[in-house]
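J.: Sequence plus predicted model, see below.
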Amino acid sequence: MALRDDLISEVGSIFGDAWDTRNGSVVPESEDLGLGNEAITLDATVLYADLAASTELVDRFKAHFAAEVYKAFLHCAAKIIREQGGTITAYDGDRIMAVYIGNRKNTTAAKTALKLNYAAKQIINPAIAAQYPKTSYAVKHVVGVDTSALFVARTGVRGANDLVWVGRAANYAAKLTELDPSYASNITDSVYNAMLDEAKLSHKGEPMWTKFSWMQMNKMTIYRSTWTWTV
């Protein structure tokens with residue numbers, strides 16, 4: 001009964017207590033918020049990078065090889081995110097989440113996606129082929145990017161908690177990673193319309209993004225790309 005009483009009390013507080021909400025100017029960490037109904041709001045761009053077909057990877061290949069692929073992909077993603085000014089907010093198995101703020105947040109997030117595509121094609125896959133010349137495996141991945149207002153709260157219990165990012169950008173960026181890995185980079189029209197031409201056009205002035213109707217989301221307009229950006 002003690003656990004039941006505790007759950008009833010805590011859930012009642014979650015739904016009944018007023019929220020203490022403040023505007024944020026930096027990407028928060030868990031320690032910036034309490035476990036009660038405290039939240040930080042900020043305008044941000046969210047990026048998810050997800051390794052494609054990871055179930056097939058772990059089913060068909062030895063554990064150490066799958067682990068090496070995970071480590072290589074996530075290492076490259078993390079380094080590129082930081083180089084582009086993003087803040088890593090979560091690792092979840094074979095994917096990584098990052099948040100970008102500031103005037104260039106959409107441009108830098110889009111460039112992150114293109115640079116990760118370069119790393120996958122020109123760094124990770126050649127390394128796999130060199131170390132394992134008999135394998136047919138090559139990394140495929142999908143990056144999703146969206147921008148919106150976010151409501152950030154701390155969730156969990158003492159000793160085991162993290163931030164929850166509530167808002168369209170977090171959900172849509174994650175959902176975009178479920179699309180066809182033939183296009184490694186996917187951004188919403190909100191991101192595309194806000195980012196600078198340096199992330200839209202190649203150095204020769206060629207468009208790097210193609211307009212596409214996202215059928216699963218009521219034909220929402222998004223932009224996708226197969227281009228790379230040298231790191």
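T.: Okay, I see it. Residues are numbered from 1 along each chain as shown.
J.: biggest helix in this protein by residues?
T.: Longest helix of the chain, by residue count under DSSP state H: helix 63-83.
J.: Tell me which residues of that one come out buried.
T.: 65-66, 68-70, 72-74, 76-78, 80-81 (16 or more other Cβ atoms under 10 Å). Just so you know, the C-beta spots here come from the backbone N, C-alpha and C atoms, and that holds for glycine as well.
J.: same thing with stretch 36-51?
T.: So, applying 16+ other Cβ under 10 Å, buried residues of stretch 36-51: 37-40, 42, 44-51.
J.: Quick check: of those, which lies closest to residue 108?
T.: residue 45 (8.2 Å; Cβ to Cβ).
J.: per-residue pLDDT, the closest one?
T.: With respect to pLDDT, residue 45 has a value of 98.
J.: what angle do the helix or strand harbouring it and helix 63-83 make?
T.: Here residue 45 sits within strand 38-51, counting by DSSP states H and E. Angle, strand 38-51 to helix 63-83, by axes from the mean of the first three to the mean of the last three Cα atoms, to 10 degrees: 130 degrees.
J.: what helices or strands is strand 38-51 leaning on?
T.: Judged by 3 or more Cβ pairs under 8 Å, 6 or more residues apart in numbering; DSSP states H and E, strand 38-51 is in contact with strand 20-23, helix 63-83, strand 95-100, helix 105-119, strand 141-157, helix 168-176.
J.: what about the fifth one, distance to the chain center?
T.: Think strand 141-157. 8 Å (Cα atoms, centre = their mean, to the nearest Å).
J.: Pairing partners for that strand, with directions?
T.: strand 38-51 (antiparallel), strand 160-166 (antiparallel), strand 185-188 (parallel) (DSSP bridges).
J.: list the contacts for the residue nearest in space to the middle of the chain?
T.: With distances taken as Cα atoms, centre = their mean, residue 48 lies nearest the centre of the chain, 1.5 Å away. By Cβ atoms under 8 Å, 6 or more residues apart in numbering, the contact set of residue 48 is 95-97, 143-145, 173-174, 176-177.
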